[in-house]
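Q: give me coordinates for this.
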Amino acid sequence: MNVRDGNLALAARASKVMAGGHLSPSRKLGASIAFTRASGCYLFDADGNRYTDFHCGFGANVLGHCHPAIAARVHAVSHDIDLIGAGITQLEVETCEVIARNIPCAELVSLCSSGSEATFHALRIARAFTGRKKVIKFQGGYHGWHDAVAMNVQSESGAIGRYDPLCDGIMEETARHTIVLPYNDAGAVEAYLKANPGEVAAIIVEPIAHNIGSVIATDAFLSDLRTITREQEVVLIFDEVITGFRHALGGYQSICGVTPDLATFGKAAGSGYPIGIVAGRRDIMECVGRTGKGSVFMGGTFNGTPSSLAAVLATIEELSKQGTYERLSALGMHMRKGLDAIALRHGLEAQSAGFGSVWLLYFFSGAYSRYDDLLRNDDALDLAFRQKMIEHRLIGQPLPLKRLYLSLAHTPEVLDESLGVIDSILERLIARR
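A: Now for the predicted structure:
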């Protein structure tokens with residue numbers, strides 16, 4: 001087989017045995033690209049092409065691909081222990097101790113294998129603790145694939161304010177217990193809770209709504225949520241599956257100064273190894289791990305898999321090094337300033353967005369604080385821009401509003417080279433309009 005046929009050949013094989021030809025619709029790139037190797041900030045395909053990676057495994061690879069410290073720790077552990085599934089292991093204890101030391105809300109910790117599992121368990125724990133059924137999420141927030149929250153993410157304008165499921169097969173009876181409210185609107189939350197006392201078990205919120213790019217919760221919104229939930233005895237859950245470990249070791253809660261009752265983590269915690277974390281108040285988390293009335297079953301054969309926990313410990317060690325988050329933020333600022341300069345130079349109605357090492361371009365001007373504001377985005381131009389990025393070997397999600405990532409493996413030189421490509425792409429797209 002000619003090396004230039006490698007991508008097409010693997011795509012053809014995938015179409016015969018993999019549902020949809022991919023492991024998820026969100027992994028489709030709009031072109032037949034099959035990756036065979038990853039290193040640092042680069043990906044390599046079956047045809048020998050090199051790509052600069054701004055996808056970073058949905059943000060999991062905060063250190064860069066195949067980081068030597070992660071590989072070494074996982075390799076060392078693999079000689080000593082593998083999956084046990086009984087009793088406890090030293091790795092489990094050490095990992096939970098480190099997490100509890102770093103995350104403000106983490107009085108007790110439990111482990112699973114993904115972010116979706118973590119949010120699923122957190123909501124179940126909140127329901128068990130309060131004896132209530134309803135939960136509140138916010139328009140634009142994505143909290144996983146399970147029925148209680150798989151709705152109202154990137155909704156069309158006509159679907160805002162009504163039930164908008166992500167896909168077929170969702171149990172509407174479950175979903176109808178979820179109330180969707182506007183982000184950054186504490187008044188709407190307070191009004192609902194006071195009108196429906198004793199019904200809501202939990203509020204789950206992304207402290208930065210990264211699933212629609214980067215809409216940052218105001219300090220007042222998060223502080224008001226904390227006050228309201230305490231008054232109404234509702235469990236406040238921060239979904240830090242994206243923000244956790246990427247923006248700070250203690251999660252965004254350590255930045256904003258608001259401590260939730262429960263928090264969920266994943267992605268960057270394991271540098272590409274599967275991990276989910278639920279952490280929170282002792283009295284709430286004590287529901288987990290016991291039997292009988294008031295208990296919550298949180299099982300999973302691969303919870304606490306040694307390779308994943310080795311990766312978590314090594315990741316935390318690397319992220320704990322002095323200046324790490326300053327470097328990540330500096331890279332993000334470099335990218336966002338470059339994007340704004342390009343937009344200004346071309347007279348383009350666009351603006352950079354992001355926080356820390358997360359970045360993207362919104363194709364509209366003016367302030368934004370909730371999902372409705374993003375309806376001004378020029379989705380057609382956004383999509384065309386992202387598709388052209390992939391054609392020019394800059395990898396990210398080819399969907400409007402989606403965030404892009406940097407890792408510690410990216411350098412200012414890599415970013416400048418990529419910004420040059422982006423400048424050229426936007427110049428051509430504008431000329432065609």
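
Q: now stretch 409-420, how far from the centre of its chain.
A: Here stretch 409-420 is found 23 Å from its chain centre; the criterion is C-alpha atoms, centre = their mean, to the nearest Å.

Q: ranges for the strands of the stretch 151-300 of the chain?
A: Taking DSSP state E, counting those that start in this stretch to define them, one finds strands in the stretch 151-300 of the chain at 178-181, 200-205, 208-209, 215-216, 235-239, 262-265, 276-280.

Q: including distance to residue 45, mean neighbour count and mean pLDDT, could the ones you listed go into a markdown table?
A: All C-beta atoms are positioned from the backbone trio N, CA, C, and that covers glycine. A markdown table is the format used below for the strands of the stretch 151-300 of the chain (distance: least, C-beta to C-beta, whole Å; neighbours: other C-beta atoms under 10 Å; pLDDT from 0 to 100):
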| stretch | distance to residue 45 | mean neighbour count | mean pLDDT |
| --- | --- | --- | --- |
| strand 178-181 | 39 | 20 | 97 |
| strand 200-205 | 37 | 25 | 98 |
| strand 208-209 | 32 | 26 | 98 |
| strand 215-216 | 33 | 23 | 98 |
| strand 235-239 | 33 | 28 | 98 |
| strand 262-265 | 31 | 29 | 98 |
| strand 276-280 | 30 | 29 | 98 |
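
Q: distance to residue 331 for these - can I get that in TSV?
A: Below are the strands of the stretch 151-300 of the chain laid out as TSV (distance: least, C-beta to C-beta, whole Å):
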stretch	distance to residue 331
strand 178-181	34
strand 200-205	27
strand 208-209	17
strand 215-216	18
strand 235-239	24
strand 262-265	22
strand 276-280	25
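
Q: wait, which of the ones you listed is closest to residue 103?
A: For residue 103, the closest of these is strand 276-280, at 5.4 Å, according to C-beta to C-beta.

Q: alpha carbons of that closest one, as CSV, please.
A: Extracted in CSV, the C-alpha atoms of strand 276-280 (Å, rounded to 0.1, in the frame of the first residue of the first chain):
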residue,chain,number,x,y,z
GLY,A,276,-13.2,10.5,36.7
ILE,A,277,-13.3,12.1,40.2
VAL,A,278,-16.1,13.0,42.5
ALA,A,279,-15.0,15.1,45.5
GLY,A,280,-16.9,16.9,48.2
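
Q: and that strand, what does it pack onto?
A: Packing partners of strand 276-280 (3 or more C-beta pairs under 8 Å, 6 or more residues apart in numbering; DSSP states H and E): helix 90-102, strand 108-112, helix 115-130, strand 262-265.

Q: try it again at 6 Å.
A: Contacts defined by 3 or more C-beta pairs under 6 Å, 6 or more residues apart in numbering; DSSP states H and E place strand 276-280 against strand 108-112, helix 115-130, strand 262-265.

Q: partner strands of it, parallel or antiparallel?
A: strand 108-112 (antiparallel), strand 262-265 (antiparallel) (DSSP bridges).

Q: for residue 286, find the nearest of those.
A: Per C-beta to C-beta, nearest to residue 286 of the strands paired with strand 276-280: strand 108-112, 6.9 Å.

Q: list the buried residues in that closest one.
A: 108-112 (16 or more other C-beta atoms under 10 Å).

Q: that strand versus helix 90-102: what angle between them?
A: Angle of strand 108-112 versus helix 90-102, following axes from the mean of the first three to the mean of the last three C-alpha atoms, to 10 degrees, is 130 degrees.

Q: quick one: distance of strand 108-112 to the chain centre.
A: Relative to the centre of its chain, strand 108-112 is centred 18 Å away, using C-alpha atoms, centre = their mean.

Q: again, but for stretch 147-158
A: 16 Å.

Q: distance to residue 308 for the helices and strands packed on strand 276-280 - can I get that in JSON lines?
A: Formatted as JSON lines, those follow (distance: least, C-beta to C-beta, whole Å):
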{"stretch": "strand 108-112", "distance to residue 308": "8"}
{"stretch": "helix 115-130", "distance to residue 308": "13"}
{"stretch": "strand 262-265", "distance to residue 308": "13"}
